[in-house]
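Q: What follows is a predicted protein model with its sequence.
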Amino acid sequence: MKQRHSTSVVARAGKRRHYLGLILGSFAVVAVSLAIRYFWGTEPVSADPLAQPSGGQAAARSTGSGTHPASPAARDDASPLQVVATVNGRQITRTDLGRECLRHYGTKVLDSWINKLLIAQECRRRNIVVGGTEVDDEVKRIAQRFSLPVDQWLKMLKQERGIDPAQYANDIIWPTLALRRLAGEELSVTPEEAYKAYEMKYGPVVRARLISCTDAEKAHRIRAAAVADPNRFGLLAKEYSDDASAAMKGVIEPIRKHGSYPQIEQAAFNMTDGEISQVIPAGGQFVILKREGALPGAQGITFEQVKPRLEEVIRDNKLRHVSAEIFQDLKQKASVINYLENAAPGGRFPVMAAVINGQSITTDQLAQRCIERHGEEVLEGTINRRLIELACEKSKITVTDAELDREIVRAASVSLPPKDGQVDVEGWLELVTEKQGVSLDVYRHDTVWPTVALKKLVGDDITVTQEDMQKGIASNYGPRMRCLAIVLNNFRRAQEVWEMARANCTAEYFGELASQYSIEPGSRALRGEVPPIKKHGGQPLLEEEAFSLQAGNISGIIQVGDRFVILYCLGCTKPTEVRFEEVRDLIYEDIFEKKQRLAMAKYFSDSQDTATIDNYLTGTTRRPKPTSSLTPAAGVPSLRQVPGVE
């Protein structure tokens, strides 16, 4: 899990406290995000779905895949490595790695393994066999859908999603095919369903503005005002609408047929351009529409041309719903004992992980499966933590549980407002665990411990200058430029969009371009709306260009990393009037924490540069850089990489 750092100083109202939000950086190992709902088990492709695992070799052969590069340690490939890495001569064993993999992924891998085992057992009960040839054909079909040769498709999955060919065949394709066979007729698609999907994707759409209210009386009152002066509809939406469309004066995505709210669709398609609807109850809200125009359906795309693809999408959608029902039924009938979920956090793992209808999964077996799926990723984090542990050992630094608790309280205090006058530790832990998908044990181990350890390694010798304070005042209380932004990842496309924006230099048209071309989801959805740009915010080229603009101007093309940004200036905000004495301590604390994190980052980077690391899983070796030296001022790693600091 990798969190972004954010820093803000909230203007003081009377004696109300400010909250400078420098959110605690997270150093937990990041899981590859996969669009796989139920499966991440381990059985290989086989005519017998309950065949014992063979390390994925059959699946690798069935998909034309090769094996992993050999580790630098000489060994018999049939036996796994017992030492997976060394850090400055200190070993990391396979047992160490298995324990870390279980800590991070044990529950998820076990749950998906149980699900897949239930599918396999049900397939055997019904005499359903999904063999390797069927899996190979499905892989080819999917690759063809993306107009790629199979080998390129598999290579892309490995590079972009971390899924090797054996895992893809065994843990994604096989369970999907098995579920399709178990679902049977429930996945059939009627002509009516296919044509509705065609109308939804390729049919005509209505452009409209919307006002959404939580109160019916308020909605009727606003509708009356809109009917009296239809030209004010956008301003009424901006002032009174209770949903996010208010920011865009009621502009919403074009309305299509067969969506989530048939009553809104029916009104939109039956209205005339410029007409204002009655108040429409929908989704617990009271909605008023103003129709602004209609667009015809996609030209030149007939129903017959796209029918096979639409049917496939419908079946996939049905499969998601049917899968849940199948699993619910299988689980109700099954005898499943999950010992891992009852294990004490941070304690020893049980010998047995689970028993499913009499079939056992030991914790050792589960650890090996976790290593197969996530070993390289977790090992990288384990190596980085070991670097910090060795530095602490050398400096005779220890980190206590009490210090971890204090760091959690500090992180909560700067990241969330108080609750009932107290630091909202509970809310903070909920944010970083439940909502971000890590356990409390992982959060303390991979986020809090490295933070405390590195702070102690760096020490408090950090200087905040008068110039730093002046920049802090300007950044937090100075004027900001209100801009619309279009973010692109291709310079040629950026040039094309810039030419279009220059030819019609209005905020409305710029917003249209943002909704069509911006690759950044927020600016795309909000038609270019982005937070006001402040000085000294960490993007000097962007800030310099923004503050050089006048209202109504567009910027040049600004390169920010690997992105290209075009701005439309809406104007400049007024600075916040504050007395320096009132905000001095807050600004100082904010800048100190930023500089401390930069120092921590440098310390960790120097530790990596001077380390000798052998990673036998990936077959890589790292040796000290000749010109590097470990200095006592330095920084915060994600146990995988150094996070950015605003």
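A: Yes, it's here.

Q: which helices and strands does the host helix or strand of residue 160 pack with?
A: Using DSSP states H and E, residue 160 sits in helix 150-161. Secondary-structure packing of helix 150-161 (3 or more C-beta pairs under 8 Å, 6 or more residues apart in numbering; DSSP states H and E): helix 132-145, helix 165-168. C-beta coordinates here come from the backbone N, C-alpha and C atoms, glycine included.

Q: If I take the helix or strand just after the shortest one and helix 132-145, what angle do their directions form?
A: Remark: after helix 165-168, the chain's next helix or strand is helix 174-183, criterion DSSP H and E. Inter-element angle recorded for helix 174-183 and helix 132-145: 100 degrees (by axes from the mean of the first three to the mean of the last three C-alpha atoms, to 10 degrees).

Q: Give me the packing partners of helix 174-183, helices and strands only.
A: For helix 174-183, the packing partners by 3+ C-beta pairs under 8 Å, 6+ apart are helix 94-125, helix 132-145, helix 303-333.

Q: contact partners of the next helix or strand after it?
A: As assigned by DSSP H and E, the chain's next helix or strand after helix 174-183 is helix 191-202. Residues outside helix 191-202 that contact it (C-beta atoms under 8 Å, 6 or more residues apart in numbering): 256-259, 297-298, 301, 303, 306-307, 310-311, 313-314.

Q: tell me which residues of helix 191-202 are tucked away?
A: By neighbour count on 16 or more other C-beta atoms under 10 Å, the buried set for helix 191-202 is 193, 194, 196, 197, 198, 201, 202.

Q: what's the answer for stretch 218-229, then?
A: Residues of stretch 218-229 classed as buried by neighbour count (16+ other C-beta under 10 Å): 219, 222, 223, 226.

Q: which residues in the protein form strands?
A: 83-87, 90-93, 205-213, 280-282, 285-295, 336-338, 352-356, 359-362, 481-488, 558-560, 563-572, 613-615, 620-622 (DSSP state E).

Q: who wins for proximity to residue 113 among the ones you listed?
A: Nearest to residue 113, of all those, is strand 359-362, at 6.6 Å by C-beta to C-beta.

Q: residue contacts, residue 259?
A: By C-beta under 8 Å, 6+ apart, the contact set of residue 259 is 200, 265.

Q: ok, it to residue 269 distance?
A: Distance of residue 259 to residue 269, given as C-beta to C-beta, to the nearest Å: 11 Å.

Q: coming back round to it: just name the most buried of the helices and strands packed on helix 174-183.
A: A comparison of the helices and strands packed on helix 174-183 by mean neighbour count, using mean count of other C-beta atoms under 10 Å, puts helix 94-125 on top with a mean of 21.

Q: now residue 403, nearest residue through space, not along the chain?
A: With sequence-adjacent residues excluded and distances taken as C-beta to C-beta, 6 or more residues apart in numbering, residue 403 is closest to residue 452, at 5.1 Å.

Q: ok, now residue 358?
A: residue 335 (7.3 Å).

Q: do you know how far that neighbour is from residue 127?
A: When C-beta to C-beta is applied, the distance between residue 335 and residue 127 equals 22 Å.

Q: okay, those two: which has more neighbours?
A: The residue with more neighbours, out of residue 335 and residue 127, is residue 335; 9 against 6, by other C-beta atoms under 10 Å.

Q: related to what we said a few turns ago, identify whichever of the helices and strands packed on helix 150-161 lies nearest to residue 106.
A: Nearest to residue 106, of all those, is helix 165-168, at 17.3 Å by C-beta to C-beta.

Q: who's in contact with the residue nearest to residue 358?
A: By C-beta under 8 Å, 6+ apart, the neighbours of residue 335 are 355, 356, 357, 358.

Q: And residue 539, by the same measure?
A: So residue 539 contacts 533, 560 (C-beta under 8 Å, 6+ apart).

Q: now, which of the contacts of residue 335 sits nearest residue 285?
A: When the contacts of residue 335 are ranked by distance to residue 285 (C-beta to C-beta), residue 356 comes first, at 44.9 Å.

Q: residues near that closest one, how many?
A: Residue 356 has 20 neighbours, counted by other C-beta under 10 Å.

Q: For it, report the pLDDT, please.
A: At residue 356, the pLDDT value in this model is 92.

Q: measure the residue lying closest to residue 563 once chain neighbours are set aside to residue 480 for me?
A: Using C-beta to C-beta, 6+ apart and skipping residues adjacent in sequence, the residue nearest residue 563 is residue 487, 5.5 Å away. Separation of residue 487 from residue 480 (C-beta to C-beta) stands at 19 Å.

Q: again with residue 93
A: Residue 93 is 53 Å from residue 480, where distance means C-beta to C-beta.

Q: between the two, who's got more neighbours?
A: A count of neighbours by other C-beta under 10 Å puts residue 480 above the other of residue 93 and residue 480, at 21 against 13.

Q: Any idea how many residues pack against the closest residue to residue 474 other than its chain neighbours?
A: Spatially, and ignoring its direct neighbours in sequence, residue 474 is nearest to residue 535 (4.9 Å; C-beta to C-beta, 6+ apart). Using other C-beta under 10 Å, residue 535 has 18 neighbouring residues.

Q: got the contact list for residue 535?
A: By C-beta under 8 Å, 6+ apart, the residues touching residue 535 are 471, 474, 475, 478, 479, 543, 547.

Q: Could you list everything the residue lying closest to the last one once chain neighbours are set aside pairs with in the sheet?
A: Put plainly, it is residue 547. Of all residues not flanking residue 547 in the chain, residue 481 sits nearest, at 5.8 Å (C-beta to C-beta, 6+ apart). Beta-bridge pairing for residue 481 (DSSP bridges): residue 533, residue 572.

Q: Can you give me the distance of residue 481 to residue 549?
A: With distances taken as C-beta to C-beta, residue 481 is found 7 Å from residue 549.

Q: Between those two, point out the one with more neighbours.
A: residue 481 (22 against 18).

Q: before we move on, back to that, reformat the contacts of residue 535 as TSV; add pLDDT.
A: Formatted as TSV, those follow (pLDDT from 0 to 100):
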residue	pLDDT
471	87
474	87
475	87
478	90
479	92
543	92
547	94
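
Q: wait, which of those is closest to residue 364?
A: Taking C-beta to C-beta as the measure, residue 364 lies nearest residue 475 of the contacts of residue 535, at 53.1 Å.

Q: Tell me how far that closest one lies from residue 576.
A: From residue 475 to residue 576 the distance is 11 Å (C-beta to C-beta).

Q: higher neighbour count, those two?
A: Using other C-beta under 10 Å, the more surrounded residue of residue 475 and residue 576 is residue 475, with 22 against 15.

Q: Distance check, the more buried one against residue 539.
A: Distance of residue 475 to residue 539, given as C-beta to C-beta: 12 Å.

Q: thinking again about what came up before, now rank the contacts of residue 335 by neighbours and give me the top one.
A: In terms of neighbours by other C-beta under 10 Å, these top out with residue 356 at 20 neighbours.

Q: Pretty sure it sits against residue 336.
A: Yes: applying C-beta atoms under 8 Å, one finds residue 356 in contact with residue 336, separated by 5.3 Å.

Q: what do the two both touch?
A: With C-beta under 8 Å, 6+ apart as the test, residue 356 and residue 336 both reach 114, 118.

Q: Near residue 397, how many residues? Count them for me, please.
A: 14.

Q: give me phi/psi at it?
A: With angles defined as degrees, to the nearest 10, residue 397 sits at phi -100, psi 130.
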